[in-house]
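Asks: What follows is a predicted structure for the sequence shown.
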Amino acid sequence: MRGVRGRLALTALASVLMAAGPAAAQLGNTGDVESTTADLERAAGDTGGAEGDPWEGFNRKIFAMNLFVDDNLFVPAAKAYRFVTPKPARKGLSNFLANAASPKTLVNDILQGKPKRAAETTGRFIINSTIGFLGLTDGAATLGIPGHTEDFGQTLAVWGVGSGPYVYLPFFGPSSVRDGFGSAVDIAFDPLIYIDTNPASLARYSRAGATALALREPLIEPLDDIRSKSLDYYASMRSFYMQARKREIADGVTNYEDLPDIGEYEEFDEIE
Amino acid sequence: MMNELHSLTRRAALGVSAALAFALAFSSPARADQAAEDFMSGILDEANIVFEAQDEQTRLDGIETLVNKYVDMKRVAMWVLGQYARQITDAQKEEYFPLFRRYATLVYQEALSDYSGQRLEIVNSVDRSPRDIIINTRFSNLRPNDQYADVTVHWRVYRDGDGEMSIFDAGANGVWLAIEQQSQFKSVIANNGGGTAGIDALIADLKAKLAG
């Protein structure tokens, strides 16, 4: 029963995201770059949203809700986890979860037509699942095969799908229409969500909880720092996410052509 | 008249260099800018000494000195305002510049003081244009599996019309400080009515942040 509800929630999420898709596509239905830009600017202007974030008003509401959950649930839990678990064990759990996510990465390596990275993922999974003590250590990295992750959002990007507007998802945090849809597809690839037994549900929820803790724990201080320095925490996180995501999709290669130009205001040269 | 002439020649020079950059971009991969690398290398020599300091306050002071010396803070301050740079009044500038300097210095201190005991060395450079050069650096003295093993620290060097170089921005693994600041500042200004009213709100926010 719980499995069915989980799937329903997933379907709901996917349909919300897909419903958003055509709306975004409509903006560009004339196929003319100038009018598309004008449309996007108008869409951005309507809600006071920034570039790439026409739904800023709505996103900020979700952001505030997530912050509340984060402050009251995830951060205390992550602190407790840090307190009771020694560092090597935390590293072990995070290795284990990363190894368990290998099949997802492998599927997307293949879908992106990257045989070398697919072979690396396969090799790492085999090495770490065996001599790596079921994934608790990352022996493959020591052997010189560093890990990487892929997801379906990145696959869509490689296939040429634009990111669409920025979306701040409940619990999941920053995303885009494309990447949110990608996450839903990745979840659909996960065998565990189709097994409707109590042990499978337990495994599913434990993994979700463990993943949340393992991801949040090392970010306690960095996010605190960003928040304390930010004039606008929402805009900071949006910028960090958009910048980092671009590089992740390019497999760690930074594209310097895309950077905004420095000299758009020539009079800056008069600044002493 | 002289000014107009100066500006005209500069524009012509810019046009020529833009055309050159265009031609270069299609004929060969971006060529390393040796002068810019040398400029950055000199700064890193000083920075690496600062990173060696055991005492945090010594590191923070050292970073502040370097930021004052090499970062073109007024240019960054104007740039992070985005389109609102055209609307800031002279009175607002007078209040905003020193506040921004303090704020951006804090951000640099926060970003760099973690690198205690590390050494940064130049890996390569990429010319976005003859006046806009990215220098990539990495840590050279790491243990295997070090948390900084996969970190590339980028520096954006700007060469002004007179050929003077300064640091415009710094980033790590594709995430840049000034770009993030621009995103925040534009957001604060836009959400407070835009224009000079929005800039007033930004100045108030900066004051509050620096006081708190």
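Replies: That came through, no problem.
Asks: CA only for contacts and neighbour counts going forward, please
Replies: Fine.
Asks: Tell me which stretches of the chain form helices.
Replies: Because you didn't say which chain, this covers chain A. Along chain A, counting by DSSP state H, helices occupy A:2-27, A:33-46, A:56-69, A:75-84, A:87-100, A:102-111, A:115-130, A:139-142, A:152-158, A:177-189, A:198-216, A:220-229, A:233-249.
Asks: not what I meant, chain B
Replies: Counting by DSSP H, the helices of chain B are B:2-27, B:34-52, B:56-70, B:73-79, B:90-112, B:177-190, B:195-211.
Asks: could you dump these to TSV with mean neighbour count, distance to A:Val75 and mean pLDDT?
Replies: Converted to TSV, the helices of chain B look like this (neighbours: other Cα atoms under 10 Å in any protein chain shown; distance: least, Cα to Cα, whole Å; pLDDT from 0 to 100):
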stretch	mean neighbour count	distance to A:Val75	mean pLDDT
helix B:2-27	12	48	48
helix B:34-52	17	31	93
helix B:56-70	16	27	94
helix B:73-79	22	34	95
helix B:90-112	17	22	94
helix B:177-190	23	24	95
helix B:195-211	17	23	95
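Asks: With respect to A:Ser201, which of those helices lies nearest?
Replies: Among the helices of chain B, the nearest to A:Ser201 by Cα to Cα is helix B:177-190 (40.2 Å).
Asks: The closest one vs helix A:233-249, what angle?
Replies: Between helix B:177-190 and helix A:233-249, the angle comes out at 140 degrees (axes from the mean of the first three to the mean of the last three Cα atoms, to 10 degrees).
Asks: contacts for helix B:177-190?
Replies: A:48, A:50, A:230-233, A:235-236, A:239-240, B:76, B:79-82, B:84, B:169-171, B:195, B:197-199, B:201-202 (Cα atoms under 8 Å, 6 or more residues apart in numbering or on different chains).
Asks: what about B:Val151, neighbour count?
Replies: Residues near B:Val151, counting by other Cα atoms under 10 Å in any protein chain shown, number 14.
Asks: no no, A:Glu257
Replies: A:Glu257 is flanked by 11 other residues according to other Cα under 10 Å.
Asks: OK, contacts around it?
Replies: By Cα under 8 Å, 6+ apart, A:Glu257 lies in contact with B:Arg128.
Asks: List phi and psi for it.
Replies: The phi/psi pair for A:Glu257 (degrees, to the nearest 10) reads phi -70, psi -30.
Asks: State the distance from it to B:Val67.
Replies: 26 Å (Cα to Cα, to the nearest Å).
Asks: Would you mind finding the most buried of the helices of chain A?
Replies: Compared across those, helix A:152-158 shows the largest average neighbour count, a mean of 22 (mean count of other Cα atoms under 10 Å in any protein chain shown).
Asks: any idea of the mean pLDDT in that one?
Replies: When pLDDT is averaged along helix A:152-158, the result is 93.
Asks: Quick one: list the elements packing against that helix.
Replies: Helix A:152-158 makes packing contacts with helix A:102-111, helix A:177-189, helix A:233-249 when contacts are defined by 3 or more Cα pairs under 8 Å, 6 or more residues apart in numbering or on different chains; DSSP states H and E.
Asks: So the last one, near chain B or not?
Replies: Spelled out, that is helix A:233-249. Yes - using Cα under 8 Å from any Cα of the partner chain, helix A:233-249 comes into contact with chain B via A:Tyr233, A:Ala235, A:Ser236, A:Ser239, A:Phe240, A:Gln243, A:Ala244, A:Arg247.
Asks: Alright, that wraps it up for me.
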